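Engineer: Below is the sequence, then the predicted model.
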Amino acid sequence: MRFNKSTKSLYIWLAVCISLILLLNWFVTDSERVEAVYSRAFYPFYQYLPKLIFGLLPFSVGDLLYLAIVLVLLYLVVKTIVLLFKKQFHNAWRGVLMLVGTALSLYIFFHLAWAINYYRVPVSKQLNLSVDTILLEDHLGVLAEQIQLANSLRAKINHEGKVRTRANAQIEELMRTDEEFPMLSKTQIHIKKPLSSVMISSFGTSGYLNPFSNEAHANADMPITSYPFTVTHELAHQMGIGFEDECNFIAYVKLRNHQDPWFQYAAYYESIQYLLRSLYLVDESMFQQYKAKLSEGIKSDLKKDQSYWENYTGWLTNVSGLFYDQYLKHNNQREGMARYGLVSRLIIAYEINMRKSGREAAR
């Protein structure tokens, strides 16, 4: 079978893509190599490019890129189907090659631009946190302490009048001056709002990072209570952290240690929910016992959050959840959406270490 020049070019394109994917699959097998070569060297340098092109623009270019990618892929699919109906099999085959080549190219760029961070050395290992064995007594001790702190903070806070743009600037500055997490890239630290927060809420999403444009987004319509936590979580993604529990952990630590009571409360408010969910899986009666210790203010916040997200619950959120669950499983997070909840191990290990450090310093 003879091929014309353009068809040969498509085969060469596919061969190059497949070769690069095989190389990527080999590269990510060594987390130390990923950490040293990609996450600590290439990624911080590469970030200057999206920062220069997209970072200074006030709107989300990445949302437009998502739309463009979907439209291009749909166009290629429809065009190929039309050619098949017309029995133009040679041109239809070229359409298939173009579709596959485009998909593989996007896959490669997705990894090179950000997703190799999914395979770096875990934060727990880099910070010497022991997360393999968490004792129930430690879990309960941390939970009880955090409930007490959250109850106290909630009594001092009035969420009315809180300004999201001010919180964005404060958290961006907080992340720029980071000393606790040396593995974070500081090339670009900037949060944006989506083009449509209503649409994002319909997907059940409070925030996301666009890996193609390297833009971090926080839902501008979500309840204000957890907003600082979402911003910090998404900035952690932008700074090179892939795992969801690790971004949650970084958000917890950074906000916990901030002087603003709103930020501190956001840290404990989220942490308590994860710790309670983990406890529920172990002992439901004990879960109810600790949940009853929450103040009326916290319970009211939880009800408001639940009411907000229930307004958007439907087939779209279900499909989005299933898609993202599979996405995480295919990107080195076999737990899927449950990966978020693993932050409870990191929080407990961190708090235990803090207590030990405090006792040793007091000697």
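Structural biologist: The structure has been received and is ready for your questions.
Engineer: can you list contacts of the helix or strand that contains Phe323?
Structural biologist: For Phe323, the host element (DSSP states H and E) is helix 315-329. Contacts with helix 315-329, where a contact means Cβ atoms under 8 Å, 6 or more residues apart in numbering, come from Ser202, Phe203, Gly204, Thr205, Glu244, Glu335, Gly336, Met337, Arg339. Using the backbone N, CA and C atoms, a C-beta is placed for each residue, glycine as well.
Engineer: Repeat the analysis, applying 10 Å as the threshold.
Structural biologist: Residues outside helix 315-329 that contact it (Cβ atoms under 10 Å, 6 or more residues apart in numbering): 118, 199-205, 208, 242-244, 309-310, 333-340.
Engineer: Would you mark the buried spots in it?
Structural biologist: Thr317, Tyr324, Asp325, Leu328 (16 or more other Cβ atoms under 10 Å).
Engineer: Output those in TSV; the columns should cover distance to Leu153 and pLDDT.
Structural biologist: Formatted as TSV, the buried residues of helix 315-329 follow (distance: Cβ to Cβ, whole Å; pLDDT from 0 to 100):
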residue	distance to Leu153	pLDDT
Thr317	30	85
Tyr324	31	81
Asp325	33	83
Leu328	31	80
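Engineer: who does the helix or strand Met354 falls within touch, helix- and strand-wise?
Structural biologist: Using DSSP H and E, Met354 sits in helix 343-362. Under the contact definition 3 or more Cβ pairs under 10 Å, 6 or more residues apart in numbering; DSSP states H and E, helix 343-362 sits against helix 123-126, helix 136-154, helix 244-256, helix 261-282.
Engineer: I'd like to know which elements the shortest one is packed against.
Structural biologist: Just to be clear, that refers to helix 123-126. Applying 3+ Cβ pairs under 10 Å, 6+ apart, one finds that helix 123-126 makes contact with helix 244-256, helix 343-362.
Engineer: contact partners of it?
Structural biologist: 31, 35, 120, 129-132, 181-184, 236, 241, 243, 245-247, 249-250, 342, 345-346, 349-350.
Engineer: I'd like to know how many residues surround Leu184.
Structural biologist: Residues near Leu184, counting by other Cβ atoms under 10 Å, number 20.
Engineer: Can you give the domain ranges for the protein?
Structural biologist: What the record gives for the chain is the domain set 5-119, 125-362, from automatic domain parsing.
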